[in-house]
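below is the structure, and that's it, no one-letter string:
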């Protein structure tokens, strides 16, 4: 049993499970004709969760064992500058519309979430924690701390938003007949943060560039507007 325990808790095992889950999910999506509901990132998350539950490995131990992958998130984020650079002229021409759109999205995303949570009887702890759901994890945690919200709840709502958004995005785009790569990318970036960027990059480089820009602007603007809104609401 000790030998099995050592294998399960070995960093190499965690790395193999993580990378293997994504590759398996990616293969399965291609096998099923690239169906948007079979998002490989989302499927890989669920596969890793099932593995952790089945082996009773604490998430903290797993996270420590995949530190190498976690460390690559920084360079991966910086690498998003490449599609942004390639689309710089297009982005420059669309700058005013982009800025206005993201400001509106930031207000709507936080405001509607706060209002609907209250409408369903949620307390202030949940209403505040759900407001930064469309920002990236570090920014959502920072906002939650500033507005005295539960950071764990904020991260839960953030990941739920990203997962559901990426699963239904393609269907919604077809329903409302949105085909423009810029609109698709921006919508995914401002609503589904990192998962949305990953989905947009699968669509096209242009969509990926606008998703990365939308995610970045959404985080910055929400980081300013949400704390101000909370101060106004609670004073």
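Happy to help now that I have it. Keep in mind the model is a prediction, meaning the values are calculated, not measured.

element containing residue 230?
Using DSSP states H and E, residue 230 sits within helix 205-233.

that helix packs against which elements?
If you count contacts as 3 or more C-beta pairs under 8 Å, 6 or more residues apart in numbering; DSSP states H and E, helix 205-233 packs onto helix 81-86, helix 88-93, helix 95-119, helix 137-146, helix 181-203. Bear in mind the C-beta positions are built from the backbone N, C-alpha and C, glycine included.

including mean pLDDT, mean neighbour count and distance to residue 172, could these go into CSV?
Formatted as CSV, the helices and strands packed on helix 205-233 follow (pLDDT from 0 to 100; neighbours: other C-beta atoms under 10 Å; distance: least, C-beta to C-beta, whole Å):
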stretch, mean pLDDT, mean neighbour count, distance to residue 172
helix 81-86, 78, 14, 23
helix 88-93, 84, 11, 23
helix 95-119, 92, 15, 15
helix 137-146, 88, 19, 23
helix 181-203, 88, 25, 9
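
and residue 39, which of the ones you listed is closest to it?
Nearest to residue 39, of all the helices and strands packed on helix 205-233, is helix 181-203, at 6.3 Å by C-beta to C-beta.

now do that closest one and helix 205-233, the angle between them.
110 degrees (axes from the mean of the first three to the mean of the last three C-alpha atoms, to 10 degrees).

just how off-centre is helix 181-203 within its chain?
From the chain centre to the centre of helix 181-203 is a distance of 10 Å (C-alpha atoms, centre = their mean, to the nearest Å).
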